[in-house]
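Engineer: Just to be clear, the model below is a prediction. Sequence and coordinates:
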Amino acid sequence: MSSPLDDQPSDPHLADPAPTTTPPSRATTRRTALAGAAGAGAILALTGLAAGPRPARLGDVHGDAELAAALRPHLGGHRHVSAVVTDGDQQRFAGFGADETTEFEIGSVTKTFTGALLMDAVDRGEVSLETTVAEILGERAAGSEASDVTLAEIASQSSGLPRLPLTRVLASLPINFLRKDPYSGSSVDGVIDAALDASLSDRGEYAYSNLGVAFLGQLLATQTGVSWQELLRSRLLDPLGMTSTRAPFRLDEIGTDAPRGHGRSGLSAGAWTMHGYGPAGGIRSTGHDMALYLASMQDGSNPGSAGLEPLVERGEDSAVGIVWSLRTTDAGESLVQHNGMTGGFAAFCGFNQDSGRGVVLMTDSALSPDELGAGILDGSVSL
Amino acid sequence: MNLLLTLVVPLFLLVMMVPAAVAQLRHWTHPGRVVLEACGAGVLLIVASLVLPITGWMAIVWWAVLTLCAAGAGVATWRTWHRPAPAADGLTGRAAVNAHPVGARSLVANVAIWLVAALVALVGG
């Protein structure tokens, strides 16, 4: 009986079984073959375990089952989702693996809170929309291109400030690989200095800037003498009854039991607080609280509702007010909306000023729910 | 730019691994090279997962490529187990490359690079 090693090769490359110049012994070949297989198997298995894209499955339904059934077809790839839909005074909640108290990072929807704080400060007479950077920072802004930029320009994303400083982009590259907060380590002074050092481009035209809105939040904090987090708490969250909403500055303030999100490949993503950039995206909130926020924008009790006049054109049928995006549908209806995304979460908040319909969508996957949110607002997604 | 980052680059990264896996399916491959190819595939798969939005069909392609690489390693090991190393003189192209032994330093370096990538994927988030 012949051993497998005695078999004649059928592979054309093996037609000549003559030994190589340094032929491995058969025993060695068997041992090394096993070692190679074990090594390669371990490497590929661990690769799949560590980095394999995870299939997503929507969590169990909470709240309005009918609303959940209508939303489900649009939520492929998501895991835990919280949705609030308003129609006039009627408010419905549906959650997938999330109830009204489940916390989500809302990302750049935070910018609308900073815009509301600006309008609140205007209402209090502390600043005006035409207040310049130099009027708040004084000598510190001397020589800066941004010194004569107004708060209205910053809030309407037309200040000419870059999306982010190049140094922040470069510093965040290795952190992105680790799926951590890319804004980690930024300070309040660092944000202000970065804005003052920045070169402005295309001032007066729409150009989305995280640096700009973070700068705006820190300018308001400077003007009022308290931190942006404290301003947020005392002037917006407490008056609106949003007791479960917070904007922790440090990572250890989040708590170990706080939900963590998922990147677009399904891998876990670290929590974001954004440190000095918090005013541009550092808020964590719940379905219950965001329903209050949405309702306050719709009924006018939110100071931010005074900032919905278009200030800068953003393309056809689209403009920007104080942070909020403003869009006119083909049917002539006016939509107010803003989205947000962090490393592991995404959110959408908006309302239709004509139909009275509003929506908040929050998900713990970094997958944009914008299309669904906009569809709910303009009626192309039926509920 | 968005299309480039979300579709072209991930597909390019993933497709890059296919020829090596196919070569293992076709040719006698030195066990050291089997490990080396696994390291290369592992690093590219991890980088693709960490940096790019790999969902839906792209995720299926990701797992398909990983499976293909594993199949290549399995078939190559079976062939090495059952057949002697082919003659160096009679080999050309990919067959010669696959049959060529791998230097210890190259192997260690590649395993180290893969380990770093795997650690980043495991400890991140």
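Structural biologist: Okay, I see it. Because the structure is a prediction, the values reported are computed rather than measured. Numbering: from 1, shown residues only, chains lettered A, B, ... in the order given.
Engineer: got the residue ranges for the helices in chain B?
Structural biologist: With DSSP state H as the criterion, chain B has helices at B:2-3, B:9-16, B:18-26, B:31-51, B:57-82, B:93-99, B:104-123.
Engineer: Contact partners for A:Thr243?
Structural biologist: Residues near A:Thr243 by Cβ atoms under 8 Å, 6 or more residues apart in numbering or on different chains: A:237, A:289. Backbone N, C-alpha and C define where each C-beta goes, glycine included.
Engineer: rerun at 7 Å
Structural biologist: Under the criterion of Cβ atoms under 7 Å, 6 or more residues apart in numbering or on different chains, A:Thr243 has no neighbours.
Engineer: most neighbours per residue, which of the helices of chain B?
Structural biologist: helix B:31-51 (a mean of 25; mean count of other Cβ atoms under 10 Å in any protein chain shown).
Engineer: picking up where we left off before, out of the helices of chain B, which comes closest to A:Val336?
Structural biologist: Ranking those by proximity to A:Val336 (Cβ to Cβ) places helix B:2-3 first, at 25.2 Å.
Engineer: quick one: which of the helices of chain B is nearest A:Arg250?
Structural biologist: helix B:104-123 (20.2 Å).
Engineer: That closest one near chain A at all?
Structural biologist: Yes: applying Cβ under 7 Å from any Cβ of the partner chain, one finds helix B:104-123 in contact with chain A at B:114, B:118, B:120-122.
Engineer: Let me see the contact set for the one residue in chain B that gets nearest to chain A.
Structural biologist: Taking Cβ to the nearest Cβ, chain A has its nearest neighbour within chain B at B:Pro31, 2.7 Å off. B:Pro31 makes contact with A:32-33, A:35-36, B:80, according to Cβ under 7 Å, 6+ apart.
Engineer: Any stretches of chain A with poor pLDDT?
Structural biologist: A:1-28 (pLDDT under 70).
Engineer: gap between the one residue sitting closest to the centre of it and A:Trp272?
Structural biologist: In chain A, the centroid-proximal residue (Cα atoms, centre = their mean) is A:Met341; its distance is 1.5 Å. As judged by Cβ to Cβ, to the nearest Å, A:Met341 and A:Trp272 stand 10 Å apart.
Engineer: Kindly report the same for A:Gln229.
Structural biologist: 15 Å.
Engineer: Please identify which of the two sits among more neighbours.
Structural biologist: A:Trp272 (27 against 21; other Cβ atoms under 10 Å in any protein chain shown).
Engineer: who are the neighbours in contact with the spatially most central residue of chain B?
Structural biologist: Nearest to the mean C-alpha position of chain B, counting by Cα atoms, centre = their mean, stands B:Ala41 at 2.9 Å. Under the criterion of Cβ under 7 Å, 6+ apart, the neighbours of B:Ala41 are B:17, B:20, B:69.
Engineer: can you tell me how far it sits from B:Ile113?
Structural biologist: In terms of Cβ to Cβ, B:Ala41 sits 12 Å off from B:Ile113.
Engineer: ok, the residue nearest to A:Ser199 when sequence neighbours are not counted to A:Phe215 distance?
Structural biologist: Nearest non-adjacent residue to A:Ser199, counting by Cβ to Cβ, 6 or more residues apart in numbering or on different chains: A:Glu145, 6.0 Å away. Noted for A:Glu145: a distance of 13 Å to A:Phe215, by Cβ to Cβ.
Engineer: Compare the two and say which is more crowded by neighbours.
Structural biologist: When neighbours are counted by other Cβ under 10 Å, A:Glu145 and A:Phe215 differ, and A:Phe215 comes out ahead with 29 against 19.
Engineer: For that one, which residues are in contact?
Structural biologist: Contacts of A:Phe215 (Cβ under 7 Å, 6+ apart): A:154, A:161, A:191-192, A:195.
Engineer: please redo it, this time with the cut-off set to 8 Å
Structural biologist: Contacts of A:Phe215 by Cβ under 8 Å, 6+ apart are A:146, A:154, A:161, A:191-192, A:194-195.
Engineer: what does B:Ala117 give?
Structural biologist: B:42-43, B:46-47.
Engineer: Kindly report the same for A:Val226.
Structural biologist: Per Cβ under 8 Å, 6+ apart, neighbours of A:Val226: A:Ser234.
Engineer: ok, now with 6 Å
Structural biologist: Neighbour list for A:Val226: empty [criterion: Cβ atoms under 6 Å, 6 or more residues apart in numbering or on different chains].
Engineer: coming back round to it: which of the contacts of B:Ala41 come close to chain A?
Structural biologist: B:Cys69 (Cβ under 6 Å from any Cβ of the partner chain).
Engineer: Switch the contacts of B:Ala41 over to TSV; also include pLDDT.
Structural biologist: Rendered in TSV, the data for those read as follows (pLDDT from 0 to 100):
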residue	pLDDT
B:Met17	91
B:Ala20	92
B:Cys69	97
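Engineer: from the contacts of B:Ala41, which single one is nearest A:Glu309?
Structural biologist: Nearest to A:Glu309 among the contacts of B:Ala41, with distances taken as Cβ to Cβ, is B:Met17, at 53.9 Å.
Engineer: Can you report phi and psi for that closest one?
Structural biologist: Torsion angles at B:Met17 (phi, psi; degrees, to the nearest 10) stand at phi -80, psi -20.
Engineer: Settle this for me: it is touching B:Ala64, isn't it.
Structural biologist: No: no contact is recorded between B:Met17 and B:Ala64 when judged using Cβ atoms under 6 Å, the distance being 10.6 Å.
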